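Asker: Build me a structure from this.
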Amino acid sequence: MGALGVPGAGKGAPAAATAAAQPPAAAPACPFARLAGAAGLGGPAAGAASAGPRRAPAEGAAPGRPSARGQLRTLGALVADGLPGVTLHLAAEEAAADGAAFPCWRFPNAAQELGPKYMGGVAAATGWVFPSDPDDVRWVAQEQAPNYKERFLPDAYEYVAGGKGLLASSGEYNQRHRVKCTQPFSQKGQLRKFSEVAAEGSAAMAREWRTAGGPVEVDCCLHMQRLTLDLIGRVAFSYDFGQTAATGRELRGETRKAPSSLVDAVNEFGEAMARVFITPLPVLRALERARWGGVLDLKASWGNMKGAMRPIIAERREEIARGAPEQPRDLLDSLLLTTDWGDNELLEDVVDVLGAGHETTASTLSAALWSVAAHPEVQAELRAELDAVLGREANLAADPPAITWEQLEDLHCAKRVIRETLRLYPAIPVFPRFARKDDVLPSGHSVQKGDVVFLSAYALGRNPALWDDPLTFRPDRFRAEAAEARHPFAFLPFGAGPRMCIGAQFAEMSATLALASLLRGNDIEVVGDRGSGILPVEYDITMHFNRTGGVKARVSPRAADAEGPVPHTC
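Answerer: The predicted structure follows:
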């Protein structure tokens, strides 16, 4: 990211008050339509109260930089915990030294001195800005979104995808593709249909767990990746990758545990991307010429993902040529029926949806399962809700029916568990945005044209200035009354505003359905020491669990003679 800077810039300006709460949204038609509301996921709706009038750039105070010792501490946080850890360190630990409740920091970009010839796109940034005030976050993500609509994309994306696809593109191309890819995930009818697919798929994995023959140790990371790969395959491409069935055969001992080429390709891509994430484009090209393994692995894994999707696209084109459906069945139908994109243009988008659409939900589910297992009181409350809403007899059945759309609306505790997981363990930790022109944040800090502003879901979710006892897993934080009293931009797991994740509603919906389906008829325990009750996580481009060797749990069928119903308070 470049040098942290030099000492001597002084303290940050005092932060603006951030206690304003957003009025509750109207009753939603979709169980997750309040994603944009005070109790939802992605920040407030467009009508949320303004952070304040815009001021002239000359009125702003320059953000501070930590002292010499503070910069050393920040560098240590970068080495130990990566960029997400730095954002939390600057928001919380350096706040005491700054004297402001919500400091804002800026570091000059030393790469500018070398220029794009050597530093590629990294040299385009004039500086790195780290706001911590939720009002500042709202300003960047929503109030002044046109000024910050472009993401800061490391050159590795340009290198591997040629500036195409949802993740690697910008400008008009990205906007056009976002609109097309968002449509199937934002329509109530399609979401309801997708919920049925997610419920049926999750019930299938729950059945494989339940019929595995007693207590069995499972790798939640692997199993959840397989489950969500099947789910995104079915809702986006109407294609069954067969991952859940393969998991069942392995659990029953019918086949050996075998690697999944597609899961492996997704994981290898993430690991390879992490190794070269901030490497300038000229250096990447030089490393490719030198046949360095890191860049070769990156291109190979990307090629493997595209290779898995090519025959699916070709088969669907042939099917549509024989007779187009009256209505699109999935994302792939929608893209083929409403665009004239060639296979290469389609591939970049569908591979992005395939990778990002399943990996982030899988990591969220892995953390949620571990958290429920590590907190018996949460598991008991969740079990009480599942029995009250779904029926205890149905939950104890060998093959319970899939959860319905109507039942999903009443799974309040399950939704709170997922949201608390997203607060502590956001799959995407940071959302960097380019400033198109000079600006002043509501906290009074100035932003220069060309600065990259880091909006950190990780820091917001763990900042003690925003959350009481933030490193405690407590789903009740997301009861409606608590959520409505909190700053609406204290919780930002999917971004906010025009650049909010296109699949946010589907992601929370499918995660809630999966959690409820897996645990309605299965008990889960932590394998090993639960420690403090907080799961150690790391990040490459998304969250992973390499530090703990995955997320291991012991699952067993819920006994028919288990305790009777307990009071349901959800």
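Asker: what about the nearest residue to Met309 once chain neighbours are set aside, distance to Thr339?
Answerer: Once flanking residues are discounted, Met309 sits nearest to Val350: 5.3 Å by CB to CB, 6 or more residues apart in numbering. (Glycine included, C-beta is placed from N, CA and C.) From Val350 over to Thr339 the distance is 12 Å, taken as CB to CB, to the nearest Å.
Asker: more neighbours, these two?
Answerer: Val350 (25 against 14; other CB atoms under 10 Å).
Asker: name the element that one belongs to?
Answerer: Using DSSP states H and E, Val350 maps to helix 343-374.
Asker: Next, the angle from the helix or strand just after that helix to helix 343-374.
Answerer: Using DSSP H and E, the helix or strand that follows helix 343-374 in sequence is helix 376-390. Relative orientation of helix 376-390 versus helix 343-374 (axes from the mean of the first three to the mean of the last three CA atoms, to 10 degrees): 110 degrees.
Asker: Can you point out the buried residues in helix 376-390?
Answerer: Val378, Gln379, Glu381, Leu382, Arg383, Ala384, Glu385, Leu386, Asp387, Ala388, Val389, Leu390 (16 or more other CB atoms under 10 Å).
Asker: Give me the average confidence score over it.
Answerer: For helix 376-390, the mean per-residue pLDDT is 96.
Asker: now the helices for the stretch 101-250 of the chain?
Answerer: For the stretch 101-250 of the chain, helices defined by DSSP state H, counting those that start in this stretch occupy the ranges 116-119, 134-138, 155-161, 165-168, 171-186, 188-210, 220-237, 243-251.
Asker: pLDDT weak spots in the stretch 51-200 of the chain?
Answerer: Along the stretch 51-200 of the chain, segments meeting pLDDT under 70 span 51-60, 96, 98.
Asker: What are the structural domain limits within this protein?
Answerer: Following automatic domain parsing, one gets these domains for the chain: 33-136+429-471, 182-420+505-557.
Asker: Dump those domains to TSV, plus distance to Arg479.
Answerer: As requested, the domains of the chain are exported to TSV (distance: least, CB to CB, whole Å):
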stretch	distance to Arg479
domain 33-136+429-471	8
domain 182-420+505-557	7
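Asker: Mean pLDDT lowest where, among the ones you listed?
Answerer: Going by mean pLDDT, the lowest-scoring of these is domain 33-136+429-471, which has a mean of 82.
Asker: quick one: that one to chain centroid distance?
Answerer: Relative to its chain's centre, domain 33-136+429-471 lies at 19 Å (CA atoms, centre = their mean, to the nearest Å).
Asker: Which positions in stretch 522-531 come out as buried?
Answerer: Under 16+ other CB under 10 Å, the buried positions of stretch 522-531 are Asn522, Asp523, Ile524, Val526, Val527, Arg530.
Asker: re earlier: hang on, the residue nearest to Met309 packs against Leu332?
Answerer: Yes: with contacts counted by CB atoms under 8 Å, Val350 reaches Leu332, the gap being 6.7 Å.
Asker: Overlap of the contact sets of these two?
Answerer: Residues touching both Val350 and Leu332 (CB atoms under 8 Å, 6 or more residues apart in numbering): Ala236, Phe237, Ile313.
Asker: Can you list the buried residues in the helix holding Val350?
Answerer: Applying 16+ other CB under 10 Å to helix 343-374 flags 346-374 as buried.
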